[in-house]
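J.: Here is my input; please provide its structure:
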Amino acid sequence: MSDNVTNETTRTAQWITATPPTPNGDLHIGHLAGPYLAGDVLRRFLAAEGDGPVRYTTGLDDHQSYVPVRGINDGGRKGEEVADGYGASIESVWSRAGAEFDAIVRPRRDLGYQSAVQEFFQRLYDAGHIVARTTPLPYCTGCERWLYEAYLKGDCPHCGSGSNGNACEPCGRPNDCADLANPVCTGCGATPELRDCERLYFPLAPWEQQLADFWDQVDMPPHLRSLCEWMRAEGLPEIAVSHPSEWGVPVPVAGFTEQRIYVWFEMAPGYLLEWTGAGGTGPAPAPVQFFGFDNGYFHALLFPAAFRAYDPEIALPRAFVVNEFYRLEGLKFSTSRRHAIWAHEELARTSADVLRYHVLADRPNGRQTSFSSAALEVSRARLADRWDGWLGRLLAAVAEESDGVAPAEAPRGPEWERLRARLAGTVGQLRDAYGIEGYDARRAIALLDEIVGLAEDFGYVTGFERERPAAGPAYRAALAAQLAVAAALSAWAAPALPYGSARLAGLLSLAPEPRRVDVDALAPLAPGTPVASWPGAVFSA
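T.: All right, here's what the predicted structure looks like:
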């Protein structure tokens with residue numbers, strides 16, 4: 001075994017997950033603003049740190065009922081056609097946007113997926129953690145279908161908002177379908193009747209203390225913590241983990257084999273399969289999980305309880321990074337309602353770095369934000385005018401003053417010392433914004449803007465060195481200082497804007513390997529290092 005392999009397996013691994021999207025439509029900008037690009041930023045930052053292997057994983061949520069419902073609404077397409085077509089589109093968008101995953105679990109295609117999910121379910125049933133209950137469930141006589149999840153809509157029993165069955169997006173709480181007010185079949189619009197239905201349930205109450213202990217340990221935002229504490233205060237519910245349906249993983253329990261495992265319960269073992277699919281060996285480390293608030297109860301209550309029931313030694317998450325809703329024209333982005341700007345269409349007219357910059361700066365962190373094409377153009381202009389404007393002036397000056405190589409003069413003078421001190425403080429804050437405990441993509445973009453602004457101001461101020469009688473050395477030292485900042489920027493911006501950062505590193509003859517986000521990156525280029533001519537754009541390309 002090579003030394004590289006030995007080091008890879010003995011160093012502590014770090015695991016990041018992003019909640020699997022439902023392939024009932026294309027990815028929209030709201031998805032990118034949520035977990036997928038944010039998780040990729042953390043992955044790139046941790047990988048550059050070099051402290052151990054980093055795994056970033058996700059999957060495709062094929063078995064959501066929204067998939068066959070989309071097929072029905074499209075004129076009778078099969079659920080398999082919907083899932084395969086949109087699944088391929090989603091993976092293409094991830095690739096084009098630079099969200100690089102080490103594993104993508106594909107439930108309907110991965111060998112062993114169904115049997116692993118069924119084994120997880122069966123073990124919990126055999127241990128008495130999953131129990132049979134006969135409860136009312138809406139039934140549409142016209143469609144001859146039991147209604148749950150996407151097949152049903154009504155008003156949430158907790159907050160009164162419009163909700164589908166099983167979970168309410170606005171307040172994040174579960175429902176039992178029969179408790180929705182003003183229920184309607186989404187297929188035909190009729191009011192369903194309630195019929196008794198025997199299903200399998202997973203009671204959360206037995207895990208109350210273990211969940212409370214977990215919440216004391218995990219890093220999560222106040223909004224999610226409030227949801228957890230209110231659900232505990234009101235009494236943890238029993239969650240239906242099977243439904244009468246033909247779509248999804250069949251329940252392995254005798255007497256219920258015609259039912260399907262609730263897709264959100266299926267996701268618990270699905271996450272474990274992501275770890276092994278990414279090449280993880282041995283017990284999975286405590287992950288950092290990225291998801292939207294509407295998925296919060298699943299990640300903070302249902303999954304941890306299921307993991308404790310399955311194997312008490314499973315490492316529960318160390319941090320939840322949660323986004324609120326990203327809106328479009330005042331309404332939530334929605335694939336099922338087709339209220340969206342599709343990511344693949346935007347990426348056809350906007351570069352990945354520009355789109356990453358905008359949605360990370362506008363990330364709905366602790367608040368709901370709203371996308372607009374006009375605001376995206378403002379972001380594009382900022383990268384072109386400020387970021388590329390400064391770099392273009394710098395490279396043009398190096399070509400004119402120093403024949404296209406790094407000057408022999410080293411950065412010096414009080415302006416440089418002040419700039420370096422300010423940058424050292426700023427990059428310390430940037431490390432915090434990129435890191436797990438203080439993760440904040442909005443803050444990271446703001447700090448990168450500040451870095452470029454400081455460099456731009458320095459360039460204008462020291463540009464007057466050219467007017468001094470013996471200006472050459474001082475002016476070239478100022479250019480060397482700006483080249484040091486540009487070199488640092490190619491490392492500091494790389495987690496958020498990987499493509500422009502790589503282009504900038506190439507222009508400065510720097511090695512393509514990722515570099516740590518720290519003050520050591522702020523090092524002058526060696527005298528005589530070739531500096532390429534300005535290509536016209538770097539970050540706004």
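J.: Could I get the full set of strands for the stretch 351-500 of the chain?
T.: 369-371 (DSSP state E, counting those that start in this stretch).
J.: Would you map the helices across the stretch 401-541 of the chain?
T.: 414-434, 441-462, 472-492, 498-507 (DSSP state H, counting those that start in this stretch).
J.: Buried ones in the longest one, by neighbour count?
T.: Right, helix 441-462. By neighbour count on 16 or more other CB atoms under 10 Å, the buried set for helix 441-462 is 441-445, 447-449, 451-452, 454-456, 458-459, 462. To be clear about C-beta, it is placed using only N, CA and C from the backbone, and glycine gets the same treatment.
J.: what's the average pLDDT for that helix?
T.: What helix 441-462 shows for mean pLDDT is 97.
J.: Give me the helices and strands touching it, please.
T.: Counting contacts by 3 or more CB pairs under 8 Å, 6 or more residues apart in numbering; DSSP states H and E, helix 441-462 packs against helix 37-49, helix 352-361, helix 388-402, helix 414-434, helix 472-492.
J.: Specify the angle between it and helix 414-434 in degrees.
T.: Calculated by axes from the mean of the first three to the mean of the last three CA atoms, to 10 degrees, helix 441-462 forms an angle of 170 degrees with helix 414-434.
J.: Quick check: most distant residue from the centroid of this protein.
T.: Here the chain reaches farthest from its C-alpha mean at Pro469, the gap being 54.7 Å by CA atoms, centre = their mean.
J.: wait, what's in contact with that residue?
T.: If a contact means CB atoms under 8 Å, 6 or more residues apart in numbering, then Pro469 has no contacts.
J.: do Gly50 as well
T.: Applying CB under 8 Å, 6+ apart, we find Gly50 in contact with Arg516.
J.: With the one 10 residues further on instead?
T.: Contact partners of Leu60, counting by CB under 8 Å, 6+ apart, are Pro20, Pro21, Pro23, Ala83, Gly87, Ile90, Glu91, Ile104, Val105, Arg106, Pro107.
J.: Contacts only, for Asp388.
T.: Neighbouring residues of Asp388 by CB under 8 Å, 6+ apart: Ala537, Val538, Phe539, Ser540.
J.: If we only consider those residues, which is nearest to Ala240?
T.: Closest to Ala240 out of the contacts of Asp388 is Phe539 (49.0 Å), distances taken as CB to CB.
J.: roughly how far apart are the closest one and Ala488?
T.: 15 Å (CB to CB, to the nearest Å).
J.: cool, Asp311 as well?
T.: Taking CB to CB, one finds Asp311 at 45 Å from Ala488.
J.: more neighbours, those two?
T.: Legend: neighbour count by other CB atoms under 10 Å for Asp311 and Ala488, higher for Ala488 (22 against 11).
J.: hang on, isn't that one packed against Leu525?
T.: No. The pair Ala488 and Leu525 fails to qualify as a contact (CB atoms under 8 Å) at a distance of 10.8 Å.
J.: one step back: compare the helices of the stretch 401-541 of the chain and give me the one nearest Ala521.
T.: helix 472-492 (4.1 Å).
J.: other SSEs contacting that closest one?
T.: helix 388-402, helix 414-434, helix 441-462, helix 498-507.
J.: to the chain's geometric centre, what's the distance from the longest one?
T.: What that stands for is helix 441-462. Put simply, helix 441-462 sits 26 Å off its chain's centre (CA atoms, centre = their mean, to the nearest Å).
J.: Just the angle for that helix relative to helix 352-361, thanks.
T.: With the same axes, to 10 degrees defining the directions, helix 441-462 sits at 110 degrees from helix 352-361.
J.: Pull helix 441-462 out as CSV, backbone CA atoms only.
T.: Below are the C-alpha coordinates for helix 441-462, written out as CSV (Å, rounded to 0.1, in the frame of the first residue of the first chain):
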residue,chain,number,x,y,z
ALA,A,441,-21.6,32.0,2.8
ARG,A,442,-23.1,35.5,2.8
ARG,A,443,-20.4,36.7,5.1
ALA,A,444,-17.7,35.0,3.1
ILE,A,445,-18.7,36.8,-0.1
ALA,A,446,-18.9,40.1,1.7
LEU,A,447,-15.3,39.6,3.1
LEU,A,448,-14.0,38.7,-0.4
ASP,A,449,-15.6,41.9,-1.7
GLU,A,450,-13.8,43.8,1.2
ILE,A,451,-10.5,42.2,0.2
VAL,A,452,-10.9,43.3,-3.4
GLY,A,453,-12.0,46.7,-2.3
LEU,A,454,-8.9,47.1,-0.1
ALA,A,455,-6.6,46.0,-3.0
GLU,A,456,-8.4,48.3,-5.4
ASP,A,457,-8.0,51.3,-3.1
PHE,A,458,-4.3,50.4,-2.5
GLY,A,459,-3.8,50.3,-6.3
TYR,A,460,-5.3,53.8,-6.8
VAL,A,461,-3.4,55.3,-3.8
THR,A,462,0.0,53.9,-4.8
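J.: sorry, back to before: okay, the helices and strands packed on helix 441-462, which one's buried deepest?
T.: Of all those, helix 352-361 has the most neighbours on average by mean count of other CB atoms under 10 Å, namely a mean of 25.
J.: Output it as PDB, nothing but the C-alphas.
T.: This file holds the C-alpha atoms of helix 352-361, laid out as PDB (Å, rounded to 0.1, in the frame of the first residue of the first chain):
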ATOM      1  CA  ALA A 352     -20.900  29.400 -12.900                       C
ATOM      2  CA  ASP A 353     -18.800  31.800 -10.900                       C
ATOM      3  CA  VAL A 354     -21.200  34.700 -11.400                       C
ATOM      4  CA  LEU A 355     -24.100  32.600 -10.400                       C
ATOM      5  CA  ARG A 356     -22.300  31.100  -7.400                       C
ATOM      6  CA  TYR A 357     -21.200  34.600  -6.300                       C
ATOM      7  CA  HIS A 358     -24.800  35.900  -6.500                       C
ATOM      8  CA  VAL A 359     -26.700  33.100  -4.800                       C
ATOM      9  CA  LEU A 360     -24.100  32.700  -2.100                       C
ATOM     10  CA  ALA A 361     -24.200  36.500  -1.400                       C
END
